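Q: A predicted structure for the sequence below; I have some questions about it.
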Amino acid sequence: MSFTDRVKQILSWYTSETPGTRAQLARLLTTGELAGTGKLVILPVDQGFEHGPVRSFGPNPAGHDPLYHYQLGIDAGCNAYAAPLGALEAGAAEYAGQIPLILKLNNSDTLSKGEPCSAVTGSVDDALRLGCVGIGYTIYPGSEHRNRMYEDLRELTLEAKAKGLAVVVWSYPRGSGLSKDGETAIDVAAYAAHIACQLGAHIVKIKPPTAHIEQAEAKKVIEKAKIPVETLADRVKYCVQAAFGGRRILIFSGGAAKGTQEVLDEIRQLNAGGAFGSIVGRNAFQRPHAEGVALLKQIIGIYKG
Amino acid sequence: MSFTDRVKQILSWYTSETPGTRAQLARLLTTGELAGTGKLVILPVDQGFEHGPVRSFGPNPAGHDPLYHYQLGIDAGCNAYAAPLGALEAGAAEYAGQIPLILKLNNSDTLSKGEPCSAVTGSVDDALRLGCVGIGYTIYPGSEHRNRMYEDLRELTLEAKAKGLAVVVWSYPRGSGLSKDGETAIDVAAYAAHIACQLGAHIVKIKPPTAHIEQAEAKKVIEKAKIPVETLADRVKYCVQAAFGGRRILIFSGGAAKGTQEVLDEIRQLNAGGAFGSIVGRNAFQRPHAEGVALLKQIIGIYKG
Amino acid sequence: MSFTDRVKQILSWYTSETPGTRAQLARLLTTGELAGTGKLVILPVDQGFEHGPVRSFGPNPAGHDPLYHYQLGIDAGCNAYAAPLGALEAGAAEYAGQIPLILKLNNSDTLSKGEPCSAVTGSVDDALRLGCVGIGYTIYPGSEHRNRMYEDLRELTLEAKAKGLAVVVWSYPRGSGLSKDGETAIDVAAYAAHIACQLGAHIVKIKPPTAHIEQAEAKKVIEKAKIPVETLADRVKYCVQAAFGGRRILIFSGGAAKGTQEVLDEIRQLNAGGAFGSIVGRNAFQRPHAEGVALLKQIIGIYKG
Amino acid sequence: MSFTDRVKQILSWYTSETPGTRAQLARLLTTGELAGTGKLVILPVDQGFEHGPVRSFGPNPAGHDPLYHYQLGIDAGCNAYAAPLGALEAGAAEYAGQIPLILKLNNSDTLSKGEPCSAVTGSVDDALRLGCVGIGYTIYPGSEHRNRMYEDLRELTLEAKAKGLAVVVWSYPRGSGLSKDGETAIDVAAYAAHIACQLGAHIVKIKPPTAHIEQAEAKKVIEKAKIPVETLADRVKYCVQAAFGGRRILIFSGGAAKGTQEVLDEIRQLNAGGAFGSIVGRNAFQRPHAEGVALLKQIIGIYKG
Amino acid sequence: MSFTDRVKQILSWYTSETPGTRAQLARLLTTGELAGTGKLVILPVDQGFEHGPVRSFGPNPAGHDPLYHYQLGIDAGCNAYAAPLGALEAGAAEYAGQIPLILKLNNSDTLSKGEPCSAVTGSVDDALRLGCVGIGYTIYPGSEHRNRMYEDLRELTLEAKAKGLAVVVWSYPRGSGLSKDGETAIDVAAYAAHIACQLGAHIVKIKPPTAHIEQAEAKKVIEKAKIPVETLADRVKYCVQAAFGGRRILIFSGGAAKGTQEVLDEIRQLNAGGAFGSIVGRNAFQRPHAEGVALLKQIIGIYKG
């Protein structure tokens, strides 16, 4: 297989990594409908753990079956499918080799309250035995427990890289250090992307940033340096820059389920801002299969340009 | 390569260390424009993690790209470049062997509040695989969490020394034990330098001390012993003495970005007081490249004498 | 070398220990001016860490240099020199084998407030690589954090004994459980000595006890059993008894710097009460070198009898 | 430091390695008189172990002192100095940082007979604590014990690369599988170079090949494919090709001591054939210091072109 | 304690070692009658293991008791006492601290035949718990099993140095690679000394070399280079040179029991040749106590000069 120039360019940003890790990044970039474009649409299904099955799979009960999501990702032509240990295990044998897998290594449920802190629920060795291309991990900058999360990630990252896996970090600001609006503020979103890069992530996922600015000192700089933050495309563009000047793959979550047009409009803005792609979960699997596939294909179409 | 007498003298203070560690200290002292002088100017870029990308790189957007800083350090003739894991990884392969690297092993962001405590975000093995000459670590004397930081450092230091790396400690008094003015008070700055030495650091970085005296008991001694603390040069001189009677390499941070003359005046005072050099970050990378190089070269020029 | 009867007697109290540990105790008892007498005068220099360099070394600036203290201990004929990691490292190679060393494994600074709790700043392996005869450790009975300190000590002690090192415990009652006067109360001082013995210490250091009695229940017993506590010698005698009936080496701190006569009077009382010796820091190193040596020699002279 | 195009080209062959390993290769290629040329002259002194001190150092008794060789390598401007554990330890502290070091990790003496098999006499951790740029290792293809040597090397190589060291392999065909002439036969020499590359070596050292062809099957191919093997330059050219088509650094041993003209003539042939350089031991250190330096400088001059 | 210039000079050869190891070497050089002279007389008693109790202790049955040898070493003023695990354990508690101990870590008995290869019968941790200054280890260059011995020693040495112990190597050429005369041939003895140094030994013990030359190639060099080997003093001088140009402590075994004059004559020759001292076992402990002490004192007298 010979790579497109864009894929070669992206891989050139990861030359400090082992060939194994680079090969996994290459697999992600050369699989599915977006193969070769440098864009990624990943199907993540950790909502069952994060929000409970009722909220996650009630709207489309077929989604209670983990194999449903493997098939959904394949049918839609996604680059990868990401899920926690149990869900991956449930289909990893049947679907071995059919779609790149990302093992989500930490997860949190909503049955306890308090400062957010996910539990480490899988290991790098699990990712290897399940045939994954990489590990996924969530950090909550802003939480009192951020240090524990950063430190657990450090160890997982070192091991994953040595064993030739890619590292995907979900960076979701949250916790007592931030206002509710601040969780998606443009300055905070860019900061979250940057922290994940500094922690050694190859692929970073953040939420689409709003025009809110959380930190007074950041506000001053944005105004003085005239960083445009009015449109979503503007803000995405800055976040991409914050992710090592565009040298790390930055993708965006789809957020809560919403109407098809709303989803597609947002994707168009993300694409216009230079996003490397999207992670689309609920908007895909909470629809009936055919509709979910159709929506994902429309999203993929936008990124194809 | 044969060493200058000054380099030999400095190395003679570290005879309890392994030859590997001594070789790394020698590399730091024999690289860049200040090679052989016993002085060091190091470029540190951890502000993206510590203050966020907007505040750090907004003033000079080229700095969002981690490779920018490798090149800046090389172009200016710095002795070393220090950064967190992700930023070093982003360019370690391209720039392998071109400038000594220090892996900053702990970092803190400003998205959470509370007593300061950095997370350990890298390991000694990371420093080795990235080809670093040493590890960097920040302690916050004055924080309720100081003990955890001292203890994590103890383990990293023991491992780093056994594996032939140098240990650089950023000692920044901060936290509920101190007033805001106290963070840079002369008695506290000297104390911070001394603690880092006691923890086994080879190179210690503190902030330029002010004439404020935080601790009443220290005030009495300073007056009785007539320790001069009026000028910055006086205070630097005492801090150098507090760092094991001048037998440890003590360098000073540049602090917040400011005007060129202000920076250079401060460096002249540091040099007059016997500082071993400076760590200059924001004042270098928040200017356009040519200006940043020019300023670093002027700073280097002052230390060259 | 053949030992005096007194040295043999003291060593006979430690027959449960490994020969390595006993050999280190023997080295302590057969080094310096007091060799063979069963008495010990140890030079400790952890005040730089504990009180800061200004207060510690301001009165005699030569003491900022860690090598100064090695030489002071040797010139005065002390049995050992005790210090934290960094200070020992600074001279361990130059002075290798010239004076027994005790690595102080935990330390606290005065830049934070709150319940006292030292950080563990060194390891048993550090003590071995630096060539020490033993480890030193401070506990603060009376602190809310005493259990953490006792438990850390437990692990260090087990390891130190297996590897043939001696264990020296500084037992300093302090914290919210005690009144200020109670810190040196006779009942508390004796209790502190006993706790250190119970934790497995070979050598215990306490402060000279006052006639104050902190605990009401203890007061009743002291009165009923007519335990003499009026003179310092009386109180020292009881503390020695509290340290396993005299079967553990109990030494006394010199406390804050004071006049020569005051120091020597106190030492005479300690000696009269059966103290095994003294740890004299500030009173020795805060004087000019010649005076410090002279004072230490006078103290040694008193213990020599 | 910016690298020459040739150094960049050579480093581009090692992009599967960690940045640490690449940095060490860069150091080798940018040190000494040949810095930047892509050529290497390394001083190896393991003959004391391999042939005994009488034969090795009798002709120039100053060479009994291990520090002599450090100085010789520095004075001559060599890229590196390679020796076994003890000899490196003897000077590693004094010469820390003055010349790149290669720790020879296995060695053999001539006091026993039988199939050749070197003992592993050092570890990767030794190389780190002594501050080496890489490890050296000898294999004897042709020996009954080759598998043990290949397998020990496998483990050392994996560890060395993870810890950012370079791997230099001496590949010396020897043992019951080969005739005496076969040890340096062109087909065998090329084969030996290739095996070392296959074992993961970054730098390979072989002996200058003779025109003898050991293996009948190889002879047929050489004749049929008309591979020129008549001159030493021809044969060197083929060995370079056998070392991964020229993508591995292949250097040549100088062999037994001989006359200056003979040595220089051979080097000219090696250089004409495209050798990356030479390892010159006995011919350098068995002459008086000034003559040894002069010869090394002449050799370096030839490679400089 | 301040060291003599000679002791300082010797310690300066070991600057790559940890301060702990240097302190142990200092203890060896500052204990006993030869303290400060740079000379060593060590009492080794491993003959019970090596030759059996009948041959070893039959001539002086008091020697069956391991405590006998502790006392003998002390009474004679030896620098150290060396023995296998069991013998050291038998008296380590009673004699703790009275004489430096060397734990002989491998031993061989004469109940089996075949190529010589000692078993590893103790560990570095044993040496620490018994309070030893160092470990002892025997290698048999010339044996088919030499590689196993060298490799076991490599691991013990790395650990011993990290834990602050000295390493003493008995280098006894023996085995199928050598003729009987060759075991003490001058070329072989020098080679044996050199191998032990290369393996990282701090102190090397060989047998007094004879004028026999085992290796034809060595003979040529000795003749050509006119290395004097006629007298024992000549040969000792060369062996000292072979031990890193005199930068390692080289001592000589006393060999089989013989007459007092014969022993003393040999010691005089050793001393004249620059030997650092002797290891004297059978000649000391196979005599009655008073005679053994007297002989050792005469030997010590010769080295004192």
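A: That came in fine, so what should we check first?
Q: what residue of chain A is the furthest out?
A: A:K224 (31.5 Å; C-alpha atoms, centre = their mean).
Q: for that one, give its distance to B:V54.
A: Applying C-beta to C-beta, to the nearest Å, the value for A:K224 to B:V54 is 11 Å. Any C-beta I mention is one placed from the backbone N, CA and C, and that applies to glycine too.
Q: can you give me the helices in chain A?
A: A:5-11, A:19-29, A:47-51, A:53-57, A:66-76, A:85-92, A:124-129, A:146-162, A:186-198, A:216-224, A:232-242, A:260-272, A:282-285, A:289-304 (DSSP state H).
Q: nearest to A:V169, of those helices?
A: helix A:186-198 (4.1 Å; C-beta to C-beta).
Q: local confidence estimate at A:K304?
A: A:K304 carries a pLDDT value of 95.
Q: please list all residues in contact with the closest residue to chain C within the stretch 101-250 of chain A.
A: Taking C-beta to the nearest C-beta as the measure, the point where the stretch 101-250 of chain A comes nearest chain C is A:N147, at 17.0 Å. Taking C-beta atoms under 8 Å, 6 or more residues apart in numbering or on different chains, we find A:N147 in contact with B:117-120.
Q: which residues of chain A lie near chain D?
A: A:15-16, A:18-19, A:162 (C-beta under 8 Å from any C-beta of the partner chain).
Q: mind running it again at 7 Å?
A: A:15-16, A:19, A:162 (C-beta under 7 Å from any C-beta of the partner chain).
Q: ok, and the most crowded of those residues?
A: Counting neighbours by other C-beta atoms under 10 Å in any protein chain shown, A:S16 leads those with 26 neighbours.
Q: so it touches B:L88, yeah?
A: No. Distance between A:S16 and B:L88: 8.1 Å, which falls outside the contact criterion (C-beta atoms under 7 Å).
Q: which stretches of chain A have low pLDDT?
A: In the predicted model, chain A carries pLDDT under 70 at residues A:255, A:257.
Q: just give me the residue right at the centre of it.
A: Central residue of chain A (C-alpha atoms, centre = their mean): A:K205, at 3.6 Å.
Q: which ones are touching that one?
A: Residues counted as contacts of A:K205 (C-beta atoms under 7 Å, 6 or more residues apart in numbering or on different chains) are A:168, A:170-171, A:251-253, A:279.
Q: rerun that using 8 Å as the cut-off
A: A:K205 touches A:168-171, A:250-253, A:279, counting by C-beta under 8 Å, 6+ apart.
Q: on that earlier part again, and the contacts of A:N147, which is closest to chain D?
A: Taking C-beta to the nearest C-beta as the measure, chain D lies nearest B:V120 of these, at 19.5 Å.
Q: ok, the closest one to C:G38 distance?
A: On the measure of C-beta to C-beta, B:V120 and C:G38 end up 47 Å apart.
Q: now do A:R282
A: Distance, A:R282 to C:G38, by C-beta to C-beta: 78 Å.
Q: more neighbours: the two, which one.
A: Counted by other C-beta under 10 Å, A:R282 and C:G38 do not tie: A:R282 has more neighbours, with 22 against 19.
Q: pretty sure the more buried one is touching A:S253, no?
A: No. A:R282 is beyond contact range of A:S253, at 9.6 Å (criterion: C-beta atoms under 8 Å).
Q: buried ones in stretch A:31-47?
A: A:31-35, A:37-47 (16 or more other C-beta atoms under 10 Å in any protein chain shown).
Q: I should have written stretch A:105-114 there, sorry.
A: Residues of stretch A:105-114 classed as buried by neighbour count (16+ other C-beta under 10 Å): A:105-108.
Q: show the contacting residues for whichever residue of chain A sits closest to chain B.
A: Closest to chain B within chain A is A:G245: 3.0 Å, counting by C-beta to the nearest C-beta. Listed by C-beta under 8 Å, 6+ apart, the contact partners of A:G245 are B:62, B:64-68.
Q: of the residues you listed, buried ones?
A: Buried among the contacts of A:G245 by 16+ other C-beta under 10 Å: B:62, B:64-68.
Q: which of those lies closest to chain A?
A: Using C-beta to the nearest C-beta, B:D65 is the member of the buried ones among the contacts of A:G245 that lies nearest chain A, at 3.0 Å.
Q: with adjacent residues omitted, what lies nearest to the closest one?
A: A:G245 (3.0 Å; C-beta to C-beta, 6 or more residues apart in numbering or on different chains).
Q: tell me how many other residues crowd the residue in the stretch 201-305 of chain A that chain E sits nearest to.
A: Closest contact between the stretch 201-305 of chain A and chain E, by C-beta to the nearest C-beta, is at A:A201 (35.8 Å). A:A201 has 29 neighbouring residues, counting by other C-beta under 10 Å.
Q: give me the distance between it and B:L111.
A: According to C-beta to C-beta, A:A201 and B:L111 sit 17 Å apart.
Q: what sits in contact with each of A:S16 and B:L88?
A: By C-beta under 8 Å, 6+ apart, the residues touching both A:S16 and B:L88 are B:L130.
Q: how long is stretch A:74-87 from one end to the other?
A: End-to-end span of stretch A:74-87 (C-alpha to C-alpha, to the nearest Å): 16 Å.
Q: with that, I have no additional questions.
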